[in-house]
Structures are given as structure tokens and as C-alpha cells.
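Undergrad: Any chance you could fold what I've pasted below:
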Amino acid sequence: MSRVGIEAMNVFGGSAVLDVMQLAKHRELDLPRLNNLLMKEKTVALPFEDPVTFGANAARPVLDRMSAAEKDSIELLITCTESGFDFSKSASTYLHDQLGLSRNCRMFELKQACYAGTAGLQMACNFILSGTSPGAKALVIATDISRYILGDGDDAAAQDWAYAEPSGGAGAVAMLISDTPHVFQLDVGASGYYGYEVMDTCRPAPDSEAGDVDLSLMSYLDCCEKAYLAYEDKVEGADYRDSFQYLAFHTPFGGMVKGAHRTMMRKVAKAKGAEIAEDFERRVMPGLTYCRRVGNIMGATVFLSLAGTVCNGRFDTPQRLGLFSYGSGCCSEFYSGVVTPDGAARLRDMGIEDHLDARYQLSLDEYDALLRESEFVRVGTRDTVVNQEYVPRTRRGTGSAPRLVLKAIKEFHREYAWID
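TA: A predicted model of the protein is given here:
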């Protein structure tokens, strides 16, 4: 057996969204610098949202299309996140419960910065390829949030935060992995990986982020080139310009991807100006469509780019995609797979764009008020009843699709409820 990959997938881009340019003007930031981010909107995590609600809301539409027997065939659940809220208990247990999965299921949580989602995908694919449990499926959920809390840090840190704020998103991508890869068939063994120790970005505490912006950019560019060259060493005849009809990147922000692609085209493909610009628009820009509307969701971002490519690219015939995944610290991988016309149609049928369009548009006053209240649900909260004020606003016009929300925390245990 060599067929494996994504049978079905879905994106959940949160319940509320903020216009990035309005935010930049509100913060009195340098607008030309903001334009280089290539961002339009960012998802904002509301008080009743956390990695579990994001992950469950991404996965449930996939599971609701499965029969009971198909759902029971899920024998592996991997949660990929750098937003874990417990140093012992895995978020997978909450997701397993809320999604009603079989108790005959392995479950655990993976952490490797923004590379975690790819690590989960590859691990799940290798489980299927092992053949140790014929007919089994795996569910991989990459879910992350960026909660910015006003008043953290000194003036210099606050300035850095101000420019990170517009691209920091929240959301999740859920992927059903099996030997019937309708949406994305992985090129088995076609991957190059590259990594080393570097302190580019980190989370020294559960609710804060730190790092060196310039070092992070250089590490990303270095790994993009070296991981691809490792891919070339494994895959005979691989060519950066000609082997892939589309390219999907981990996308901290669109400008970073544009710079990485430009560097790759110059150094590896030996291309120049106009050709590089045309290639970016044709092969890379479709993958930025959803990233520009959600922001950086860490381990899920490369799959947000994959979803954007599949839903906004042209797939009249099977097309090969190259994916670059990067996680700070660092680990990276370049790998590939094929999307068919049927696969593109299946993913478009999930209605990802409709979901993004239906999110509640926050005002700047509402956003600043939410930032002041963010400490209310900080990691380590022992007991609280979670503010549900925004639930009615975010449910207007969304139809009857159920939505998971965080209701309360009692003795550190999180209590959730599905609402209509």
C-alpha cells in the first residue's frame, strides 16, 4: 500500500474577525510597512474560544459527513498545538470527548512550534502505511491561538508587539487521514527535512511570545532552501520551477512567503524579476487567500495555505503541490502531493469561504475591550464562568450548524457545550 494522505479536511477560522488596516491606523503604525504583510483580516479569539473549541469546530463538519462505522474507524487522534493549556493533560482528550470518537483510539498532543501540524500529518500517514490496522483512519487537528494582552512587557517589547499584532491569528484545520486520499495524496517518501537549535521565537510563558524578528526571518529562509535541496536529493528529477504546479508555504504573513519564494527563484531556479513576480502570482498567491483573512495559526498555517490553494487554484487536471513547513526553534520540511479535480471539488464543498465571510466583524472599541479582558481566561485559571456576551452576535446568520464554546472552568477542568 502506497496511497495515503488527506481524505477530508476543513478549516475553522474563528467566530470574530478584525480589519487589519483599521487596526494599523488605530495603533498609528507605519502603513507602508503594514502593506508588506499582505494581510487583510485577522481572526480574534473570543473569551469562549480556545484550542479545543477551534479544533472541534473544524473537525465536526468532517465527522458529520461520515457514517457511524467510518467514525469508529478513527483509531488515532493527534492534536498539534503550541497553545496547550495544561502541562500534563492533552487537549486531545477534550477533543476526543466532544467529537464522540471511539474509546479504542490513541490520542496525544504534539508540540514543535509551527511545524507540529506537518509532524502530525506525517506520523498519521506512517500509521496508515504501516498496515498494522487495515481500514483504520487517523484524525489530525492543528489548532492554535494568539492572545495579545495589553500591558505586557516594556516599551520596546510593546513596539515589537504592535507590528506582530496584525498577523497573529487564531483557528484550526482538521484533517482525516486514510488510504483513500480524496483531497490530497501524499507523495510517499518525497520529503526533505532540515533543522537545528536556534532561539528565533519562543513562548517562555503560556500566554506570551518572545523572539528575534530578524533571526526568525533568516532561519525561515535558510530552512526553506535547505529543506528543498534535501527534497531534491531524494526525488530524482525534482525542479523547483517545473515540478510543482502550486506551492503552499507556512505563512506567518504573506510578505515573508513572498520573500522566501523570491529567494528560492533567484538561488535555486536562477530566475529574474518579471518571471519571479509572475510565478508568485500564479503558483503561490492562491495559497495566501485564506491566510490573509485569518492570520498566523502556527501549526495549522501550512494547511490553511494548502486549503487556500486547492479552493482558489485551477484543478481541471491533477496538479502537484509543493509544501514548505517551518517551526521555530527549528524544524522544517519540504514535501509534496497531488490534488485531483475531485479532491478540489470535495474541499470547496466544505464552504470554507462562506464560513470566513460569516464571521462577526469586531469594532476597534470591541477589540480593545476584549484585549483588556484577555487575562480573564489566562492559562492556569482555576475557577471561572466564561463570558458568553459575544455568542449571540457571532451566531447571527450562521444557520443551524452547531458550535462548541467554553462555558466554565471548575478546579482547572474545562467545561464545554455545543450551541445552535
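Undergrad: now residue 254: how far from residue 114?
TA: 15 Å (C-beta to C-beta, to the nearest Å). Using the backbone N, CA and C atoms, a C-beta is placed for each residue, glycine as well.
Undergrad: ok, those two, which is more surrounded?
TA: For residue 254 versus residue 114, neighbours defined as other C-beta atoms under 10 Å are more numerous around residue 114 (30 against 23).
Undergrad: residues contacting that one?
TA: Going by C-beta atoms under 8 Å, 6 or more residues apart in numbering, residue 114 touches 82, 250, 252, 296, 298, 299, 301, 302, 325, 326, 327, 328.
Undergrad: What residues are bridge-paired with it?
TA: residue 112 (DSSP bridges).
Undergrad: Check the gap between it and residue 164 for me.
TA: Look at residue 114 and residue 164: by C-beta to C-beta, they are 14 Å apart.
Undergrad: cool, residue 36 as well?
TA: Counting by C-beta to C-beta, the separation of residue 36 from residue 164 is 14 Å.
Undergrad: When these two are compared, which one has more neighbours?
TA: Legend: neighbour count by other C-beta under 10 Å for residue 36 and residue 164, higher for residue 164 (18 against 14).
Undergrad: How is that one assigned, secondary-structure-wise?
TA: Three-state call for residue 164 (DSSP: H, G, I helix; E, B strand; the rest coil): helix.
Undergrad: ok now stretch 99-113, how far from the chain's centre?
TA: Distance of stretch 99-113 from the chain centroid (C-alpha atoms, centre = their mean, to the nearest Å) equals 17 Å.
Undergrad: average pLDDT for it?
TA: The predicted model assigns stretch 99-113 a mean pLDDT of 98.
Undergrad: repeat for stretch 299-312
TA: In this model, stretch 299-312 carries a mean pLDDT of 98.
Undergrad: Tell me how many other residues crowd residue 202.
TA: Other residues near residue 202 come to 15 when the count uses other C-beta under 10 Å.
Undergrad: what's near enough to touch it?
TA: Listed by C-beta under 8 Å, 6+ apart, the contact set of residue 202 reads 209, 210, 211, 328, 329.
Undergrad: so the second one is in which element?
TA: With the criterion set as DSSP states H and E, the secondary-structure element containing residue 210 is strand 208-211.
Undergrad: Show the residue spans covered by the strands in the stretch 1-150 of the chain.
TA: Applying DSSP state E, counting those that start in this stretch to the stretch 1-150 of the chain gives strands spanning 5-12, 16-19, 41-43, 74-80, 106-110, 137-145.
Undergrad: and the residue nearest to residue 34 when sequence neighbours are not counted, what pLDDT?
TA: Counting by C-beta to C-beta, 6 or more residues apart in numbering, residue 34 lies nearest to residue 24, which is 4.4 Å off, once chain neighbours are set aside. Looking at residue 24, its pLDDT stands at 92.
Undergrad: Test my guess that residue 24 contacts residue 35.
TA: No: in this structure, residue 24 is not within contact of residue 35 by C-beta atoms under 8 Å, at 9.1 Å.
Undergrad: And those two? Which one has more around it.
TA: The neighbour comparison of residue 24 against residue 35 (other C-beta under 10 Å) goes to residue 24, with 21 against 12.
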